[in-house]
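Novice: got a structure for you, letters missing:
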């Protein structure tokens, strides 16, 4: 079946926990994870509710392929209303937590209300209890995971938790699981903190049954084989996602110094070659690969910091190997703030995992603060005496720690770039959409990326569409709306299945469909799956419209629309969003205001 | 004629011995095209490559027709996604 067809309902206000069946019609219409959780969210809450209030609903969701032998089948997501954007938030993570939750017998955990005092949720198969977390409150993610395993004498327990950043409402706080993986974007950790929920600790001993086991075994094996032979997969295994940094540097799509430049002179200090041979001492920063549950790609990096580096000198607790640089962390602690010190970048990455923060939003917020500082709008009086100049590795590590612990200027950085820049009277310096900061791609060089950023339902995001191919073939807005829309629907479907986005380049939709069809009853086809993705996209859009968002929010900062790229393949160009957006709305079956028409909603079964 | 080649991603392993930091100076025949350069370097032919010459993207059919010139700076990039 793929599914258990069972949701766990948890009311933190009344402290009640009980399982309930998931309607079959919802499974068939929304599949799982992103799709199914979005359906529950729209049914259970008023989208205009305060994201940090008790009426917000927080959902941890798996897909039908989570916990199966499908390659990368370990994904789960956290779906809620996001406090960074006031839009729907859907943040996806790997690691082993999602599979363990599935093994405990649940497809979803639906969390409502707010606990009067800090609690954690303990799940051991059917035994579900809310327990006092007062002793864990105020501690890091790493401490919390270790303490919970020790307390329960359960080394196989999997934990998803928040740090002080989540407890104190940092608008881009993560939920971190398995020490190094995170539902990273949109502030889902702050929602967890607002509910006084410190952690979910789960141990499951049940398996996952496919609808047709022999067919599923064959389909999964074919998927493994395809990945093994794929050059995309080889690239990710050998170099990790940071392979992208050299490509974006060459193209001129690497956002630098708060998007004032698009190529970074220090890239050779932080690229994969530097990860293998550190410039300062010739030693390796990269120690080993790291794989999530069931993954045969292993794009994750484990790194080690030079013990003599200023960031960790006399701090032996950071001398161990831990989560290393991926492309987005390299971008967010490197070019966008002008820093090329690989040890400083790696340490900042450790701090993000330890304290539970989104590195993209933190880095781009710090970049905006650095521009405000260099413009003289903020001074050392605001920044606790720290010179916030572009290029300062010292500023990076100090501010990452201050934000994680919510001290001094870290409280201002914890607002996110839009709220911070608005506070200082310069909102246009926030490089964000709907309040969520950009990933490491400049939309003057990658025009389709600009459309994807503008229309992403969770705010600026590079993972909800895929226009890399068309963008790198042609630096113009022509022909970008269709691949943007189609890939958004395909990815919404994939995100509802429980496998990783990084299979998409090797599998396409056909290999995914074969595995879903064998795992789940329902005669799944590629057409049906893509339509499901379109349904999910439109349901997310409806949530956002009811939350008060509109076409006015489908835009980009003035810098990208009016300031030409200073170099690279897009030298002299801006992002030409408006014509792409008009074409996109037409393709979506939305009116000029960006509202799905009655015919579109009827076609998708959303009336 | 002499050209310089710089690689991104894991394409550095296809450069000749002596290449450093993913870069090499190569002697190639006059009028060599990018497609011919792929063959010369023995790049796998089951995938496409992103290329630029002197910081201008060269895509599609142009890779087979554009003749390289002495002193050209060629960038070879794998078709990466996401990250």
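Specialist: Perfect, thanks for sending it. Here the structure is a predicted model, which is why all the values come from computation and not from measurement.

Novice: what sits closest to the residue in the stretch 51-200 of chain A positioned nearest to chain B if chain neighbours are left out?
Specialist: Using Cβ to the nearest Cβ, the single residue of the stretch 51-200 of chain A nearest to chain B is residue A:92, 12.2 Å away. The C-beta positions use only the backbone N, C-alpha and C, and glycine is treated the same way. Excluding the flanking residues, the one nearest residue A:92 by Cβ to Cβ, 6 or more residues apart in numbering or on different chains is residue A:77, at 4.7 Å.

Novice: wait, that neighbour sits on residue A:183?
Specialist: Yes: contact criterion Cβ atoms under 8 Å: residue A:77 and residue A:183 qualify, at 6.7 Å.

Novice: neighbours of residue A:265, just the number please.
Specialist: 12 (other Cβ atoms under 10 Å in any protein chain shown).

Novice: ok, now residue A:440?
Specialist: The burial count for residue A:440: 26, using other Cβ under 10 Å.

Novice: quick one: neighbours of the residue nearest to residue A:267 when sequence neighbours are not counted, just the number.
Specialist: The shortest distance from residue A:267 to any non-neighbouring residue, by Cβ to Cβ, 6+ apart, is to residue A:249 (4.6 Å). For residue A:249, the count of nearby residues is 24 (other Cβ under 10 Å).

Novice: doesn't residue A:249 belong to a strand?
Specialist: No: with DSSP: H, G, I helix; E, B strand; the rest coil as the criterion, residue A:249 is assigned helix and is not in a strand.

Novice: ok, residue A:175 - contacts?
Specialist: Applying Cβ atoms under 8 Å, 6 or more residues apart in numbering or on different chains, we find residue A:175 in contact with A:78, A:91, A:93, A:160-162, A:166, A:182-183, A:188-189, A:192, A:356.

Novice: switch to 7 Å and redo it
Specialist: With contacts defined as Cβ atoms under 7 Å, 6 or more residues apart in numbering or on different chains, residue A:175 is in contact with A:78, A:160, A:162, A:182, A:183, A:188, A:189, A:192.

Novice: for the stretch 351-500 of chain A, what spans make up the helices?
Specialist: A:359-374, A:393-405, A:410-413, A:417-423, A:447-455, A:468-473, A:481-494 (DSSP state H, counting those that start in this stretch).

Novice: would you check that residue A:223 makes contact with residue A:72?
Specialist: No: assessed by Cβ atoms under 7 Å, residue A:223 is found out of contact with residue A:72, at 9.0 Å.

Novice: buried residues of the lengthiest helix in chain A, list them for me.
Specialist: Counting residues, the longest helix in chain A under DSSP state H turns out to be helix A:526-546. Within helix A:526-546, the residues that count as buried by 16 or more other Cβ atoms under 10 Å in any protein chain shown are A:526, A:528-545.

Novice: run the angle between it and helix A:447-455 for me.
Specialist: Interaxial angle of helix A:526-546 relative to helix A:447-455 (axes from the mean of the first three to the mean of the last three Cα atoms, to 10 degrees): 50 degrees.

Novice: angle of helix A:526-546 against helix A:481-494?
Specialist: Using the same axes, to 10 degrees: helix A:526-546 against helix A:481-494 is 100 degrees.

Novice: same for helix A:526-546, what does it pack against?
Specialist: Other helices and strands packing on helix A:526-546, by 3 or more Cβ pairs under 7 Å, 6 or more residues apart in numbering or on different chains; DSSP states H and E, are helix A:24-30, helix A:33-44, strand A:88-93, helix A:481-494, helix A:504-519.

Novice: hmm, back to that, quick one: secondary structure of the residue nearest to residue A:92?
Specialist: Secondary structure state of residue A:77, per three-state DSSP, is strand.

Novice: and it, what does it touch?
Specialist: A:33, A:34, A:37, A:61, A:90, A:91, A:92, A:183.

Novice: now those as TSV including pLDDT and neighbour count?
Specialist: Shown next, in TSV, are the contacts of residue A:77 (pLDDT from 0 to 100; neighbours: other Cβ atoms under 10 Å in any protein chain shown):
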residue	pLDDT	neighbour count
A:33	98	32
A:34	98	31
A:37	98	32
A:61	98	31
A:90	98	32
A:91	98	25
A:92	97	23
A:183	97	30
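
Novice: which among those residues gets closest to residue A:338?
Specialist: Each of the contacts of residue A:77 was checked against residue A:338 using Cβ to Cβ; the closest is residue A:91, at 27.8 Å.

Novice: and the residue nearest to the closest one when sequence neighbours are not counted, how close does it get to residue A:553?
Specialist: Closest residue in space to residue A:91, ignoring its immediate chain neighbours: residue A:183 at 3.8 Å, by Cβ to Cβ, 6+ apart. Separation of residue A:183 from residue A:553 (Cβ to Cβ, to the nearest Å): 23 Å.

Novice: can you find the helix or strand of chain B with the lowest average pLDDT?
Specialist: Using mean pLDDT, DSSP states H and E, the weakest-scoring helix or strand in chain B turns out to be strand B:56-58, at a mean of 84.

Novice: hmm, that one in reach of chain A?
Specialist: Yes: on the criterion Cβ under 7 Å from any Cβ of the partner chain, strand B:56-58 is in touch with chain A at residue B:57.

Novice: identify the residues contacting that strand?
Specialist: A:475, A:569, B:34, B:51, B:52, B:66.

Novice: buried residues in that strand?
Specialist: For strand B:56-58, burial by neighbour count (16+ other Cβ under 10 Å) applies to B:57, B:58.

Novice: that strand: how far from the chain's middle?
Specialist: Remark: strand B:56-58 is offset 11 Å from the chain centroid, using Cα atoms, centre = their mean, to the nearest Å.

Novice: can you list the residues of chain B near chain A?
Specialist: Within chain B, the positions lying close to chain A (Cβ under 7 Å from any Cβ) are B:8-10, B:21-22, B:44, B:46-47, B:50, B:52, B:57, B:59-60, B:75, B:77-78, B:80-83.

Novice: helices and strands around the strand or helix carrying residue A:346, which ones?
Specialist: Mapping residue A:346 onto the secondary structure by DSSP states H and E places it in helix A:342-355. Of the remaining helices and strands, those touching helix A:342-355 by 3+ Cβ pairs under 7 Å, 6+ apart are helix A:141-152, strand A:322-323, helix A:327-333, helix A:359-374, helix A:393-405.

Novice: just the ones you listed: most buried one?
Specialist: Comparing the helices and strands packed on helix A:342-355 by mean neighbour count (mean count of other Cβ atoms under 10 Å in any protein chain shown), helix A:327-333 ranks first with a mean of 29.

Novice: show me what counts as buried in the longest helix anywhere in chain B.
Specialist: Longest helix of chain B, by residue count under DSSP H: helix B:34-40. Of the residues in helix B:34-40, those with enough neighbours to count as buried (16+ other Cβ under 10 Å) are B:34, B:35, B:36, B:37, B:38.

Novice: what's the spacing between it and its chain's center?
Specialist: Computed by Cα atoms, centre = their mean, the separation of helix B:34-40 from the middle of its chain amounts to 7 Å.

Novice: touching it from outside, list them.
Specialist: B:28, B:49, B:51, B:58, B:63, B:64, B:66, B:74.

Novice: and those as JSON lines, adding distance to residue A:499 and secondary structure?
Specialist: Below are these laid out as JSON lines (distance: Cβ to Cβ, whole Å; DSSP: H, G, I helix; E, B strand; the rest coil):
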{"residue": "B:28", "distance to residue A:499": "43", "secondary structure": "coil"}
{"residue": "B:49", "distance to residue A:499": "27", "secondary structure": "coil"}
{"residue": "B:51", "distance to residue A:499": "32", "secondary structure": "strand"}
{"residue": "B:58", "distance to residue A:499": "35", "secondary structure": "strand"}
{"residue": "B:63", "distance to residue A:499": "33", "secondary structure": "helix"}
{"residue": "B:64", "distance to residue A:499": "36", "secondary structure": "helix"}
{"residue": "B:66", "distance to residue A:499": "39", "secondary structure": "coil"}
{"residue": "B:74", "distance to residue A:499": "37", "secondary structure": "strand"}
